[in-house]
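Novice: Got a sequence here, can you build the structure:
(one chain, ligands or ions: 1)
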Amino acid sequence: MSPAELKRAAAARAVGLVEDGMRLGLGTGSTAALFVELLGERVRAGLSVVGVPTSEATRRAAEAAGIPLTTLDETPDLDLTVDGADEIDPQLRLIKGGGGALLREKIVAAASRRMVVIVDGAKRVETLGRFPLPIEVVPFGRVATTLAVAAAIRSAGCAGPLSVRKGADGAPFLTDGGHLILDAGLGRIPDPEALARALVAVPGVVEHGLFLGLATGAIVAEAADGQPRIVTLGAA
Ligand SMILES: O=C(CO)[C@H](O)[C@H](O)COP(=O)(O)O
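Specialist: Take a look at the predicted model:
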């Protein structure tokens, strides 16, 4: 089975969690995009929901799918956020931000009573860190901030290269908020909470891709005999 088929299976299961009247956080990335597409089918069939998109890309996709949208300022309490992830560990701790939307994704997840993560089985890890950790920083003082981030990483018992994320045109990638992303290739993060504390203490760091204590459940689609098998973690 291709990763795309597994992602679609996870997204389809998550659409089944949506109830009439729900206020939803809409995640970002290829898996979340499938959720938005499938949710749009239910909305066009009569389901009533409102969504808060976590990126401009998701806003465009949700509008195209016919999903009514609101803002977090108009609707600050959400019932359910459904989002993808780059990695998930057995404690439902995540690395997110591969798509560069980590800041809005974290704000929206924190405003939701439930956050359900939809992933294919390849995203499951015992220890976070195989996927480079995205760290969002303001452009001002980038070099000084990068040095301070490197020191914070060392203080949390981690090591690895830091690189400024580039876009397809080779220029530095800018987030929807106009910030840069540093990708930290750490390999292994033995204490994600300690690293999170160290990173938020660095002036210039806007947010990082460690989502700790936010996911309440996960829907994992794994391949079994050529068919997707859904495994749920936590409350999903
Ligand atoms: O955090 C994200 C975007 O910022 C995505 O959820 C994450 O990168 C997973 O993406 P995909 O579903 O395409 O594998």
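Novice: Domain-wise, how is the protein divided?
Specialist: Per automatic domain parsing, the domain ranges recorded for the chain read 3-124+212-234, 133-207.
Novice: Dump these to TSV, plus mean pLDDT, mean neighbour count and distance to the ligand.
Specialist: From N, CA and C alone the C-beta is placed, and that goes for glycine too. Below are those laid out as TSV (pLDDT from 0 to 100; neighbours: other CB atoms under 10 Å; distance: least, CB to the nearest ligand atom, whole Å):
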stretch	mean pLDDT	mean neighbour count	distance to the ligand
domain 3-124+212-234	97	20	3
domain 133-207	98	17	7
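Novice: At which residues are the helices of this structure located?
Specialist: Taking DSSP state H as the criterion, the chain contains helices spanning 3-15, 30-44, 56-65, 102-110, 142-155, 192-200.
Novice: and Ile230, which of those helices is closest to it?
Specialist: Shortest separation from Ile230 across the helices of the chain is recorded for helix 3-15, at 5.3 Å, computed as CB to CB.
Novice: For that closest one, which outside residues touch it?
Specialist: Outside of helix 3-15, the residues that reach it under the criterion CB atoms under 8 Å, 6 or more residues apart in numbering are 30-32, 34-35, 37-39, 42, 82, 84, 116, 118-122, 219-223, 228, 230, 236.
Novice: from the chain's centre, how far out does that helix sit?
Specialist: With CA atoms, centre = their mean, to the nearest Å as the basis, the distance from the averaged C-alpha position of helix 3-15 to the chain average is 16 Å.
Novice: what does stretch 130-145 give?
Specialist: Stretch 130-145 has its C-alpha centroid displaced from the chain centroid by 17 Å (CA atoms, centre = their mean).
Novice: Extract the CA atoms of that stretch and return them as PDB.
Specialist: The C-alpha coordinates for stretch 130-145 follow below in PDB (Å, rounded to 0.1, in the frame of the first residue of the first chain):
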ATOM      1  CA  ARG A 130      14.500  10.900  13.600                       C
ATOM      2  CA  PHE A 131      12.600  13.600  11.700                       C
ATOM      3  CA  PRO A 132      14.400  16.900  11.900                       C
ATOM      4  CA  LEU A 133      12.800  19.100  14.600                       C
ATOM      5  CA  PRO A 134      11.500  22.400  13.100                       C
ATOM      6  CA  ILE A 135      12.200  25.500  15.200                       C
ATOM      7  CA  GLU A 136      10.500  28.700  14.000                       C
ATOM      8  CA  VAL A 137      12.500  31.900  14.600                       C
ATOM      9  CA  VAL A 138      12.100  35.500  13.700                       C
ATOM     10  CA  PRO A 139      14.400  36.700  10.900                       C
ATOM     11  CA  PHE A 140      16.000  39.500  13.100                       C
ATOM     12  CA  GLY A 141      19.200  38.300  14.700                       C
ATOM     13  CA  ARG A 142      19.000  34.900  13.000                       C
ATOM     14  CA  VAL A 143      22.700  34.100  13.500                       C
ATOM     15  CA  ALA A 144      22.700  35.000  17.200                       C
ATOM     16  CA  THR A 145      19.400  33.000  17.700                       C
END
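Novice: Tell me which stretches of this structure form strands.
Specialist: 23-26, 50-53, 78-83, 87-88, 94-95, 112-120, 133-137, 162-164, 180-184, 205-208, 210-211, 217-224, 227-234 (DSSP state E).
Novice: Contact partners for Ala152?
Specialist: With contacts defined as CB under 8 Å, 6+ apart, Ala152 is in contact with 195, 198-199, 201-202.
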